[in-house]
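*Asks:* Structure of the sequence below:
(one chain, ligands or ions: 2)
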Amino acid sequence: MGGNPVPIPTKNPDDRILCIEDLRKSALKKLPREVADFINCGSTDQITIHENTTAYNKYRVRSRVLIDVSKADTSTICFGQRSSFPLGCSPAGIQGLAHPDGELATARACAKKGVPMAISSFANYSIKDIRSAGLGVGPIKHAMQMYTLKNRELEEGIIREAERQGCTAIFLTADSPVLGVRYNEWRNDFRTPDGLGFPIYGWDTEKIRKQTHDDSFTNITDDSHNWARDIPWLRSVTNMEIWIKGVVTAEDTLMAIQLGCDGIIVSNHGGRQLDGVPATIDALPECVAAAQGRIRIHVDGGIRSGTDMFKAIALGAEYCWVGRPIFWGLS
Ligand SMILES: Cc1cc2nc3c(=O)[nH]c(=O)nc-3n(C[C@H](O)[C@H](O)[C@H](O)COP(=O)(O)O)c2cc1C
Ligand SMILES: CCCCCCC(=O)C(=O)O
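*Replies:* Ligands and ions are numbered 1, 2, ... in the order given. Model prediction:
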């Protein structure tokens with residue numbers, strides 16, 4: 001007995017990552033200010049981004065008891081493939097901001113966990129490299145996110161490449177005729193950092209850095225996008241599933257059904273586009289009621305826990321997706 005007590009090597013309990021909020025805080029310590037702002041902020045008054053997460057707190061779970069959960073199975077089907085649980089990685093551009101491997105690391109993680117990933121058209125790696133990274137780990141389906149582009153040949157080229165690489169679905173992002181008004185990006189003059197390109201659009205770092213962030217977006221995407229022109233065109237050029245990402249109303253759910261789309265993602269772009277639109281968990285029941293089972297419905301925006309996923313599924317979503325947690329994990 002006696003002597004000096006042996007110091008027990010304990011990790012600082014505050015550094016332990018037990019939930020997504022811990023992951024967010026940890027990422028904040030590592031990312032440069034302008035990068036953290038780009039990822040974490042929403043548009044104008046931050047109303048929608050704030051409500052996306054807080055709205056979940058309004059809903060309570062009517063829990064039933066004395067149910068045998070010893071063989072609980074969280075798996076489900078997404079894009080015709082078994083998924084280990086109902087959560088995929090939303091399309092999110094410029095993942096190279098958070099880790100040099102960017103979308104490659106996300107693809108590997110998704111394959112390891114047996115969940116799908118949607119490839120952003122503003123990814124820092126090619127569709128082929130991202131697909132290969134995932135397939136190197138396991139067979140997993142990917143969706144290809146698209147915007148309506150000014151250059152139809154380029155748009156069709158991306159679709160062909162997505163088909164060649166075995167993507168299953170197109171997520172047509174419909175809530176972004178222009179980039180949202182994001183004061184943080186303007187204040188910081190945020191530009192994609194040196195060394196990162198947009199290979200899917202054939203843009204190298206030099207070309208990107210010469211333009212403001214908003215101009216990069218506006219120069220390539222088409223703000224005259226519309227249902228009547230663009231959905232039949234997409235249908236005419238591909239057999240991939242067509243999903244509309246960014247729906248928050250019954251009216252647009254009905255448009256997607258009328259035009260023969262395969263699914264909608266109830267999404268407000270994580271509060272980064274038009275501010276003041278409803279939280280997605282609040283918009284979901286309206287879309288589900290309008291659909292009456294005639295179209296698949298997924299949801300993203302503010303989902304930060306299994307309980308959030310449970311609530312979204314209870315309110316009619318088939319599947320959930322997350323955006324920002326990808327960056328926090330990568331960092
Ligand atoms: C940094 C960042 C980049 C994003 N890039 C895209 C994109 O390229 N295309 C797209 O359709 N949505 C994009 N999104 C929106 C996500 O797909 C998704 O709708 C949103 O992040 C979900 O909300 P959450 O971040 O609260 O989970 C991006 C989101 C973030 C945070
Ligand atoms: C010029 C790069 C634009 C990336 C856009 C990604 C996106 O949709 C976002 O919300 O940010």
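
*Asks:* How many neighbouring residues does G276 have?
*Replies:* Neighbour count of G276, defined by other Cβ atoms under 10 Å: 12. (Glycine included, C-beta is placed from N, CA and C.)

*Asks:* Give me the distance between it and ligand 2.
*Replies:* As for G276, its distance to ligand 2 is 17 Å (criterion: Cβ to the nearest ligand atom, to the nearest Å).

*Asks:* and that residue, what does it touch?
*Replies:* Applying Cβ atoms under 8 Å, 6 or more residues apart in numbering to G276 gives the contacts 44-45, 47-48.

*Asks:* Most neighbours among those residues, which one?
*Replies:* Most neighbours among these, by other Cβ under 10 Å: T48, with 28 neighbours.

*Asks:* Isn't it up against G42?
*Replies:* Yes. At 6.0 Å, T48 and G42 qualify as touching, with contact defined as Cβ atoms under 8 Å.

*Asks:* Give the intersection of the neighbour lists for the two.
*Replies:* 271, 275.

*Asks:* Can you tell me how far whichever residue of the stretch 151-300 of the chain sits closest to ligand 1 is from ligand 2?
*Replies:* Ligand 1 sits closest to G270 of the stretch 151-300 of the chain, with a gap of 2.9 Å, by Cβ to the nearest ligand atom. Counting by Cβ to the nearest ligand atom, the gap from G270 to ligand 2 is 7 Å.

*Asks:* For that residue, give me the pLDDT.
*Replies:* G270 carries a pLDDT value of 98.

*Asks:* ok, it touching E51?
*Replies:* No. Using Cβ under 8 Å, G270 makes no contact with E51, being 11.5 Å away.

*Asks:* give the contact list for the residue nearest to S126 when sequence neighbours are not counted.
*Replies:* Distance criterion Cβ to Cβ, 6 or more residues apart in numbering; nearest residue to S126, sequence neighbours excluded, is P199 at 4.5 Å. Residues in contact with P199 (Cβ under 8 Å, 6+ apart) are 123-126.

*Asks:* What about ligand 2: which of the contacts of G276 touch it?
*Replies:* Among the contacts of G276, no residue sits close to ligand 2 (Cβ under 6 Å from any ligand atom).

*Asks:* all strands of the stretch 101-250 of the chain, in order?
*Replies:* Ranges of strands in the stretch 101-250 of the chain, per DSSP state E, counting those that start in this stretch, are 117-119, 142-146, 169-173, 241-247.

*Asks:* how about the helices in the stretch 1-150 of the chain?
*Replies:* Assigned helices in the stretch 1-150 of the chain, in chain order: 20-30, 33-40, 47-54, 102-113, 127-135 (criterion: DSSP state H, counting those that start in this stretch).

*Asks:* between the first one and helix 47-54, how big is the angle?
*Replies:* Translated: helix 20-30. 130 degrees (axes from the mean of the first three to the mean of the last three Cα atoms, to 10 degrees).

*Asks:* ok now do T53, which residues does it touch?
*Replies:* Contact analysis of T53 by Cβ under 8 Å, 6+ apart lists 302, 304.

*Asks:* Go through the contacts of G276 and name the one nearest ligand 2.
*Replies:* Of all those, ligand 2 sits closest to T48, with 12.6 Å by Cβ to the nearest ligand atom.

*Asks:* pLDDT wise, what is that closest one at?
*Replies:* As predicted, T48 sits at a pLDDT of 98.

*Asks:* Ligand 2 versus D15, what's the distance?
*Replies:* The gap separating D15 from ligand 2 is 29 Å, by Cβ to the nearest ligand atom.

*Asks:* To clarify, my last question referred to T148.
*Replies:* Per Cβ to the nearest ligand atom, T148 is found 13 Å from ligand 2.

*Asks:* any chance you could read off phi and psi for that residue?
*Replies:* The phi/psi pair for T148 (degrees, to the nearest 10) reads phi -70, psi 130.

*Asks:* Show the contacting residues for the residue lying closest to R182 once chain neighbours are set aside.
*Replies:* If the residues on either side of it in the chain are set aside, R182 comes closest to S43, at 5.3 Å by Cβ to Cβ, 6+ apart. Contact partners of S43, counting by Cβ under 8 Å, 6+ apart, are 49, 180-182, 271-275.

*Asks:* and if you look at L234?
*Replies:* 159, 170, 172, 242.

*Asks:* so which of these comes closest to D37?
*Replies:* Taking Cβ to Cβ as the measure, L172 is the one of the contacts of L234 closest to D37, at 27.5 Å.

*Asks:* Count the neighbours of L274 for me.
*Replies:* L274 has 18 neighbouring residues, counting by other Cβ under 10 Å.

*Asks:* same question, F310
*Replies:* F310: 14 neighbours (other Cβ under 10 Å).
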